[in-house]
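Engineer: how does the following fold in three dimensions:
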Amino acid sequence: MPNYDTLNRFELKYLVPAALLPALRRELAGYTRPDANNRDERGYPVYSVYWDSPEFTLFWEKVEGLKCRRKLRFRRYGDSPEVFVEIKQRIDRTLHKRRFRWPADCVVRTFGIADGLGWDEAAAADPVAAEVLVFCRRYRLAPRMAISYRRHAFFGVFEPELRITFDTRVQYSATDLDITRPFSTGKYVVDPRNAILEIKFNHRVPKWLSKLVCRHGFRAIRMSKYCSAVDREFHRGQLT
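Structural biologist: Numbering: from 1, shown residues only. This next block holds a predicted model:
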């Protein structure tokens with residue numbers, strides 16, 4: 001049976017020097033615990049394929065600053081045999097994510113058929129899959145951009161809902177869009193000398209973490225990896 005869940009939370013992002021990550025990880029010690037999926041100091045690989053309309057409707061909704069917008073991505077962690085199919089919806093500052101998890105071969109059979117065969121079966125089996133089906137048909141969604149990076153993740157010890165991640169070597173490809181075969185070399189979304197720090201929380205950022213951010217002078221950024229990649233590939237990086 002497909003596995004699915006719904007997440008509601010806030011999210012803050014910062015661009016930080018990659019050379020600073022070892023020191024930041026030391027500062028997090030005592031307040032956080034490492035994600036069990038971290039393989040080493042680089043964490044674990046994340047590979048996503050984002051879907052959009054022929055006119056890149058979902059990209060333009062972000063660029064134009066719509067308060068309520070959605071995007072669809074297929075995500076695979078490392079060499080996992082499973083794929084998460086996710087709808088990320090933002091309502092003002094709140095992030096609402098709905099997703100289900102299937103074996104990769106099932107995802108390919110269901111969503112990799114141009115004429116839509118197999119979609120009715122998926123929709124009948126899972127309410128999130130049904131939403132994906134309607135979303136895809138309404139906007140004529142198809143794979144548009146692949147994003148790859150390494151993620152080092154932590155959870156809060158005293159705030160179990162807190163999640164802190166460092167994403168490095170964030171790359172993209174507009175041509176290699178197979179969720180089962182990540183591209184080996186892509187173009188950089190951000191300078192590889194930088195990393196993306198993301199803080200995800202349900203209610204408020206704990207005081208110790210706010211002090212850490214202030215101490216280093218980090219400035220929050222409004223960034224979508226997908227939209228930044230589309231902007232760089234098709235608009236010379238002038239829109240985001």
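Engineer: for the chain, name the helix or strand with the lowest mean pLDDT.
Structural biologist: Ranked by mean pLDDT, DSSP states H and E, the weakest helix or strand in the chain is helix 119-125, scoring a mean of 58.
Engineer: how about the helix or strand following it: buried residues?
Structural biologist: Helices and strands here follow DSSP states H and E; after helix 119-125, the next one along the chain is helix 127-139. For helix 127-139, the neighbour count (16 or more other C-beta atoms under 10 Å) marks 128, 129, 131, 132, 133, 135, 136, 139 as buried. All C-beta spots, glycine's among them, are computed from the backbone N, C-alpha and C.
Engineer: okay, and the nearest residue to the fourth one once chain neighbours are set aside sits in which element?
Structural biologist: So the one you mean is residue 132. Distance criterion C-beta to C-beta, 6 or more residues apart in numbering; nearest residue to residue 132, sequence neighbours excluded, is residue 85 at 6.0 Å. Using DSSP H and E, residue 85 sits within strand 82-91.
Engineer: so what strands line up beside that strand?
Structural biologist: Looking at strand 82-91 with DSSP bridges, its paired strands and their directions are strand 68-77 (antiparallel), strand 94-103 (antiparallel).
Engineer: please look at residue 62 and residue 227 and confirm they touch.
Structural biologist: Yes - between residue 62 and residue 227 there is a contact at 4.6 Å, judged by C-beta atoms under 8 Å.
Engineer: okay, and the common contacts of those two?
Structural biologist: Counting by C-beta atoms under 8 Å, 6 or more residues apart in numbering, the shared contacts of residue 62 and residue 227 are residue 240.
Engineer: can you pull the contacts of the nearest residue to residue 192 once chain neighbours are set aside?
Structural biologist: Distance criterion C-beta to C-beta, 6+ apart; nearest residue to residue 192, sequence neighbours excluded, is residue 169 at 5.7 Å. With contact set as C-beta under 8 Å, 6+ apart, residue 169 has these partners: 148, 149, 150, 188, 192.
Engineer: helix/strand/coil for the second one?
Structural biologist: When the structure is reduced to helix, strand and coil (DSSP: H, G, I helix; E, B strand; the rest coil), residue 149 reads as strand.
Engineer: for it, list the residues it contacts.
Structural biologist: Listed by C-beta under 8 Å, 6+ apart, the contact set of residue 149 reads 45, 46, 167, 168, 169, 170, 171, 225.
Engineer: roughly how far does the closest residue to the first one other than its chain neighbours sit from residue 211?
Structural biologist: It stands for residue 45. Nearest-residue entry for residue 45: residue 78, 5.2 Å, with adjacent residues in sequence omitted and distances by C-beta to C-beta, 6+ apart. For residue 78, the distance to residue 211 equals 33 Å [C-beta to C-beta, to the nearest Å].
Engineer: with residue 147 instead?
Structural biologist: Between residue 147 and residue 211 the distance is 31 Å, computed by C-beta to C-beta.
Engineer: more neighbours: which of those two?
Structural biologist: residue 147 (25 against 11; other C-beta atoms under 10 Å).
Engineer: phi first, then psi, for residue 49.
Structural biologist: Per-residue torsions, residue 49: phi -120, psi 120 (degrees, to the nearest 10).
Engineer: just to check, it is in contact with residue 143?
Structural biologist: Yes - because the distance of 5.1 Å satisfies C-beta under 8 Å, residue 49 is recorded as touching residue 143.
Engineer: if I look at these two, which residues touch both of them?
Structural biologist: Common neighbours of residue 49 and residue 143 (C-beta under 8 Å, 6+ apart) are 74, 177.
Engineer: more crowded one of the two?
Structural biologist: Here residue 49 and residue 143 are compared on neighbour count by other C-beta under 10 Å; more neighbours surround residue 49, at 25 against 19.
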